[in-house]
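Asker: Have a look; sequence and predicted model below, questions after that.
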Amino acid sequence: MLYIIRTTGKALVMAAVMALPLSSCIKEEALNAEADITGVSLGEGQQLMREPVINNNDVTLYANTGDSILAPVFTLTEGATISPASGTPRQFFKTEMQVTANEDGTNDTTYVYESTPQTYTVTSQDGHWTKEYSVNIVNNATPSDYHFDNVRYYMFGGQPAFQIFYETVGGNRIDWGSGNAGAMVTLAASKPSYSDYPTSQADGGVSGKCAKLTTISTGALGTMFGAPIAAGNLFLGSFVVNMQDMPASTHFGIPLHNTVPTSMTGYYKYQPGAEYRRRTGSAGNYGTEPVPGKTDDFAIYAIVYEVTDDAPYVDGNTVMTSKNIVLRAEVTDHQSGNEWVQFNVPFKQQNGKTIDEQKLIDGKYNIAIVLSSSADGASFSGAIGSTLYVDEIHLNYE
């Protein structure tokens, strides 16, 4: 079975193609059967703050705009059509006026924005395939609280595959990224349920549900691609599958709006797996070997970095070394056991940099929270079965 992967935005679109014998010559070129959105802009006069995040069912656009009526312009796979048509004005926000009476007889008026995602249908060139997308515009929203109570499902072949965590703030939906999209490729043969993926939701949180991150084996297919293990991970940002350079698949960060974080609080509990193993070999001959005496460890940290033309994001290769990182907060008191551990860690300056107020106003910074069940997961080393639970993360701002 051959897997063809389209990597547009946060997740992937994957088609499984059976190898069939060729019984005749191709007499004419077949019409395209793909029905995908591959790019989006907001048209003249509107500028996206970040590149769009596109997956199999959803499109997320980051924009700083006061307009509720917007007209996205879509790029599609060859020959495909979209309805409503590209450039059609639609209402992506509702505005509600709220009036509060004061004791002195005066009134305070505030306006509450509610995101109203719009549905688009893409039809393939051959007319045989359609796909519905929900297009969500995130406008001026950086969450402070992360409860891990909300999940939706990544749909593949009309069936739910893995869970996607999301938060809501100011009427906007903010998705968490994870490596589940990559694990979907390597686990496909075993027909996994959502709980078999490295990242899923669990009961028994500090309040309500919580996030469960588990390091798993990716089997023969994962080993062939040089990724013999997959750490459970969650991060603010998107996952774009890059089978030639898997650490580059993680695009960390969402826009930071008009304020500076000072500390990060939350809860975790952690149990390392029985045997730490590191990746060995090279292309075509990957494997793992045990590291005697080494115990697996987790990672919980947050970063703020400047977005530049040459570095629009940091990824798994640069998240520890990028010179664009300005602030970092990291949990360094690591404990294992079955009880929740509370943490409170400050943001510290990095690379001799400070936040530039004008760049902050202009939306030139990203913030990312990064969670992993194996700290060395980016190098595909760790212990199978290492499990990290996380709940009730809060960012404190100036």
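Answerer: Ah, there it is.

Asker: Let me know how buried the nearest residue to residue 378 once chain neighbours are set aside is, in neighbour terms.
Answerer: Closest residue to residue 378 apart from its sequence neighbours, by CB to CB, 6 or more residues apart in numbering: residue 316 at 4.4 Å. All C-beta spots, glycine's among them, are computed from the backbone N, C-alpha and C. By other CB atoms under 10 Å, 22 other residues sit near residue 316.

Asker: And the one 3 residues further on, by the same measure?
Answerer: Applying other CB under 10 Å, we find 23 other residues in the vicinity of residue 319.

Asker: Quick check: residue 222 is in a strand.
Answerer: No. In this structure, residue 222 is helix, not part of a strand, as judged by DSSP: H, G, I helix; E, B strand; the rest coil.

Asker: Could you report the pLDDT at it?
Answerer: The model reports residue 222 with a pLDDT of 79.

Asker: With adjacent residues omitted, what lies nearest to it?
Answerer: Leaving aside its sequence neighbours, residue 222 sits nearest to residue 186 (CB to CB, 6+ apart; 3.8 Å).

Asker: Give the rounded mean pLDDT of the helix or strand hosting that neighbour.
Answerer: Here residue 186 sits within helix 180-187, counting by DSSP states H and E. Across helix 180-187, the average pLDDT comes to 84.

Asker: could you dump the helix or strand following that helix to PDB, C-alpha only?
Answerer: The C-terminal neighbour of helix 180-187 among helices and strands, as given by DSSP H and E, is strand 199-202. Provided in PDB are the C-alpha atoms of strand 199-202 (Å, rounded to 0.1, in the frame of the first residue of the first chain):
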ATOM      1  CA  THR A 199      -2.000  12.600  21.900                       C
ATOM      2  CA  SER A 200      -5.500  12.300  23.200                       C
ATOM      3  CA  GLN A 201      -8.000  13.500  25.800                       C
ATOM      4  CA  ALA A 202      -8.300  11.800  29.200                       C
END
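
Asker: Who are the packing partners of strand 199-202?
Answerer: Helices and strands touching strand 199-202, by 3 or more CB pairs under 8 Å, 6 or more residues apart in numbering; DSSP states H and E, are strand 159-169, strand 210-214.

Asker: Let me see the mean pLDDT of it.
Answerer: For strand 199-202, the mean per-residue pLDDT is 97.

Asker: got a list of contacts for it?
Answerer: 148, 151, 162-163, 165, 178-180, 194, 209-214, 232-234, 389 (CB atoms under 8 Å, 6 or more residues apart in numbering).

Asker: How many residues are close by the spatially closest residue to residue 32 that is not a sequence neighbour?
Answerer: Counting by CB to CB, 6+ apart, the nearest residue to residue 32 once its immediate chain neighbours are dropped is residue 125, at 4.0 Å. Using other CB under 10 Å, residue 125 has 18 neighbouring residues.

Asker: Tell me if I'm right that residue 125 and residue 36 touch.
Answerer: No. Here residue 125 does not reach residue 36: they are 11.3 Å apart, not a contact under CB atoms under 8 Å.

Asker: who touches both of those two?
Answerer: Joint contacts of residue 125 and residue 36 (CB under 8 Å, 6+ apart) are 77, 80.

Asker: Helices along this structure, start to end?
Answerer: Under the criterion DSSP state H, helices of the chain are mapped to 180-187, 219-224, 357-361.

Asker: Where does the prediction get shaky in the stretch 151-300 of the chain?
Answerer: 170, 241, 243, 246, 258 (pLDDT under 70).

Asker: how about 80 then?
Answerer: Residue ranges of the stretch 151-300 of the chain with pLDDT under 80: 156-158, 169-172, 188-189, 222, 225-226, 239-249, 258, 283-284.

Asker: Give the rounded mean pLDDT of stretch 386-398.
Answerer: Regarding stretch 386-398, the rounded mean pLDDT is 95.

Asker: ok, now stretch 71-90?
Answerer: 94.

Asker: any idea how far that stretch is from the chain center?
Answerer: 24 Å (CA atoms, centre = their mean, to the nearest Å).

Asker: which residues are contacting it?
Answerer: The contact list for stretch 71-90, computed with CB under 8 Å, 6+ apart, reads 31-32, 34-43, 61, 69-70, 118, 120-126, 135.

Asker: Mind jotting down where the strands sit in the stretch 201-350 of the chain?
Answerer: Taking DSSP state E, counting those that start in this stretch as the test, the strands found in the stretch 201-350 of the chain are 210-214, 216-217, 229-230, 233-239, 250-252, 254-255, 261-271, 276-280, 287-290, 299-306, 325-330, 341-346, 348-349.

Asker: Let me know which of those is tucked in deepest.
Answerer: strand 229-230 (a mean of 27; mean count of other CB atoms under 10 Å).
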